[in-house]
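*Asks:* below are the sequence and a predicted model for it; my questions follow.
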Amino acid sequence: MIKVHYFARLRELTGKSEEIIDQESLTVQQLLDWAEDTYPGFGKDMIHVAVNEEYALKEDVVESGDVCAFIPPVSGG
Amino acid sequence: MKPFEIVETPIDTQKYADYVLHAGAGAVTIFTGNVREWTHGVRTLYLAYEAYIPMAEKKLAEIGAEMEEKWPGVKVAIVHRIGELQISDIAVLIAVSSSHRKAAYEANEYAIERIKEVVPIWKKEIWEDGEEWIGAQKRYPGEGKLSN
């Protein structure tokens, strides 16, 4: 069970701010692929993934119990 | 107040200036980023900000630590407001104190550049005839973590 958060454009695209994915383990790349397949137009090539509030690389592995967030291009300030 | 925080209410500049001021501080720089009405000929009605709050506050604190390492002796407070902001409202405030002015100016500018790179905060511009989430990243930087 992996919890994911959606923000900004992605929250509007998916129509939700978070959901639970029934997976034990997958890489960040696989998580991005899953999101793109589930939500056409996700735009995975421009999105970072944070795992437990830290930016992750595409080859990093997400385990059950981790909290992930899809981070579209930031624009604070 | 916390020295590195996300808030949903108007930002009280004095509070953060007071926080960084101390007897050894000969300089205090305050930067405020404000909501601008006109951008490249397009009129903004208001802005809507959202944040991944716990991670954003953590990243702001990390920026503060980077500043202390690069400019020893500086004291820093950074606050970003989220929600709906009207024209001229303060969206972000960076307060830096140091013994001399050069470090206070330099560290302050460093902070806003880093905020725009790594802090998970998003801005939506609402115009008279539409709206759009703003973002400058163009690709996934597979060659290194964004936080570095």
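*Replies:* Nice, thanks for sending it over.

*Asks:* mind checking the longest helix of chain A?
*Replies:* helix A:28-38 (DSSP state H).

*Asks:* need the strands for the chain, in chain order.
*Replies:* I'll assume chain A. In chain A, the strands defined using DSSP state E lie at A:2-5, A:18-21, A:25-27, A:48-51, A:54-56, A:61-63, A:67-71.

*Asks:* was after chain B, sorry
*Replies:* Counting by DSSP E, the strands of chain B are B:4-7, B:27-34, B:38-39, B:42-51, B:75-81, B:83-86, B:90-98, B:121-127, B:130-134.

*Asks:* quick one: the fifth one to chain centroid distance?
*Replies:* Remark: strand B:75-81 is offset 7 Å from the chain centroid, using Cα atoms, centre = their mean, to the nearest Å.

*Asks:* quick one, it and strand B:27-34 angle?
*Replies:* Compare the direction of strand B:75-81 with that of strand B:27-34 by axes from the mean of the first three to the mean of the last three Cα atoms, to 10 degrees and you get 10 degrees.

*Asks:* list the contacts of strand B:75-81.
*Replies:* If you take Cβ atoms under 8 Å, 6 or more residues apart in numbering or on different chains as the criterion, strand B:75-81 is touched by A:76-77, B:1, B:3-11, B:16, B:19-20, B:22, B:25, B:49, B:51, B:56, B:60, B:63-64, B:67-68, B:89-98, B:107, B:111, B:115, B:119, B:121. Any C-beta I mention is one placed from the backbone N, CA and C, and that applies to glycine too.

*Asks:* give me that answer again for 7 Å
*Replies:* Identification of contacts with strand B:75-81 by Cβ atoms under 7 Å, 6 or more residues apart in numbering or on different chains yields A:76, B:3-8, B:11, B:16, B:19-20, B:22, B:49, B:51, B:60, B:63-64, B:67, B:90-97, B:111, B:121.

*Asks:* average pLDDT for that strand?
*Replies:* Taken as a whole, strand B:75-81 carries a mean pLDDT of 98.

*Asks:* tell me the strands beside that strand, with direction?
*Replies:* Pairing partners of strand B:75-81, with direction, according to DSSP bridges: strand B:4-7 (parallel), strand B:90-98 (antiparallel).
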